[in-house]
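*Asks:* I need the structure of the sequence given here:
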Amino acid sequence: MRNFKLVAGRTVFAGLIAIVAGCAQAPVRVALEPEVLLREACGPNRDIRSVKGSVWLKVSSKEVSGQFPASVEATAPDALVMEVTNLVGGREALITVSGKRYTIEVPNRRDKSQSGARSWGGIPLEWATELFLGRLPCPGPEALGESAVRLAEAGVLEVDVPANLSREAQRFVYRFAGRSGDRAGRPVVESLRWERKSPPVLNVDFTFGDPDDSGSPRKWEARSSQGEIKVRWRERELSR
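*Replies:* So this is what the prediction gives:
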């Protein structure tokens, strides 16, 4: 088998400078307050319930290694099915994620099939479906009221989520593009460092690129001590 081895706050645009009267093309400047940046980071594709399409994957981890095309179907909140194919369209493997568990089925090779929990290809499974839905990892709505949100420096937003009985302590550090990377004057997340501070401790570095009009990335990467994955959408169909 080639290339495959058995991965509410309110919206505030503070400091908005009025457009010069009668000049529809005049630039709009936005003061990047923490609430605005958090809304921009966590807004893309939140109303999307499912995504279907094809991707190009490059993965290096204990579960999967290689580069290959795959068809993908992701369904909110936490279901993901990927059919990995070879260059002539034959199935190489079927990867299924449900909640925090995954299974890998290899046709006619039961010895290569496997299952596991918590992470796949270096991605914590709590973020796997979110990423394929075109969303960025973000604190859940129930956690935001207890989280500390601040600007560490220009264009860098830190969100610290405390632990409680049902939630692990986490930190999200979003880095936003400069003006040349804005979407019509709106900030875009270039990278994210996610840290799980409760045991088992884990750090994952995400990078995002080629955003669509909503800010949803059409390519992304994730790197951790458990592996690395690169994903580029070739085509995708979004459903609300």
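*Asks:* make it CA atoms for all contacts and neighbour counts henceforth
*Replies:* Fine.
*Asks:* so what's the residue nearest to the spatial centre of the chain closest to, chain neighbours aside?
*Replies:* Centroid-nearest residue in the chain, with Cα atoms, centre = their mean: Leu131, separated by 3.2 Å. Nearest non-adjacent residue to Leu131, counting by Cα to Cα, 6 or more residues apart in numbering: Pro137, 7.2 Å away.
*Asks:* who's in contact with that neighbour?
*Replies:* Cys42, Trp127, Glu130, Leu131 (Cα atoms under 8 Å, 6 or more residues apart in numbering).
*Asks:* The last one and Ser54, how far apart?
*Replies:* Distance check for Leu131 against Ser54: by Cα to Cα, to the nearest Å, it reads 14 Å.
*Asks:* And Ile123, by the same measure?
*Replies:* Taking Cα to Cα, one finds Ile123 at 19 Å from Ser54.
*Asks:* pLDDT value on the residue nearest to Leu131, please?
*Replies:* Predicted confidence (pLDDT) for Pro137: 96.
*Asks:* same check, this time on the one 10 residues further on
*Replies:* At Ser147, the predicted lDDT confidence score is 93.
*Asks:* so where's the protein shaky on pLDDT?
*Replies:* Scanning the chain for pLDDT under 70 picks out 1-32, 178-185.
*Asks:* Tell me where it has helices.
*Replies:* With helices called from DSSP state H, the chain shows them at 34-42, 125-132, 141-144.
*Asks:* Can you say which of those helices is packed in most?
*Replies:* Of all the helices of the chain, helix 125-132 carries the top mean neighbour count, a mean of 22, counting by mean count of other Cα atoms under 10 Å.
*Asks:* hang on, the earlier thing: neighbour-wise, which of Ile123 and Ser54 wins?
*Replies:* Neighbour count, other Cα atoms under 10 Å: between Ile123 and Ser54, Ile123 has more, with 24 against 20.
*Asks:* so that one makes contact with Glu221?
*Replies:* No - the pair Ile123 / Glu221 is not scored as a contact, 9.7 Å apart, by Cα atoms under 8 Å.
*Asks:* Now the common contact residues for these two.
*Replies:* Common neighbours of Ile123 and Glu221 (Cα under 8 Å, 6+ apart) are Glu228, Ile229.
*Asks:* do you know how far the nearest residue to Asn203 once chain neighbours are set aside is from Gly134?
*Replies:* Leaving aside its chain neighbours, Asn203 sits nearest to Glu195 (4.5 Å; criterion: Cα to Cα, 6+ apart). With distances taken as Cα to Cα, Glu195 is found 20 Å from Gly134.
*Asks:* okay, these two: which has more neighbours?
*Replies:* A count of neighbours by other Cα under 10 Å puts Gly134 above the other of Glu195 and Gly134, at 27 against 17.
*Asks:* quick one, what contacts that one?
*Replies:* With contact taken as Cα under 8 Å, 6+ apart, Gly134 is in contact with Pro44, Asn45, Ser216, Pro217, Arg218.
*Asks:* switch the cut-off to 7 Å
*Replies:* Asn45, Ser216, Pro217 (Cα atoms under 7 Å, 6 or more residues apart in numbering).
*Asks:* Also Arg49?
*Replies:* Going by Cα under 7 Å, 6+ apart, Arg49 touches Thr75, Ala76, Ser239, Arg240.
*Asks:* Generate a PyMOL selection restricted to the buried subset of these.
*Replies:* The buried residues among the contacts of Arg49 can be selected in PyMOL (16 or more other Cα atoms under 10 Å) with this line:
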select buried, resi 75+76
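*Asks:* Good, we can wrap up now.
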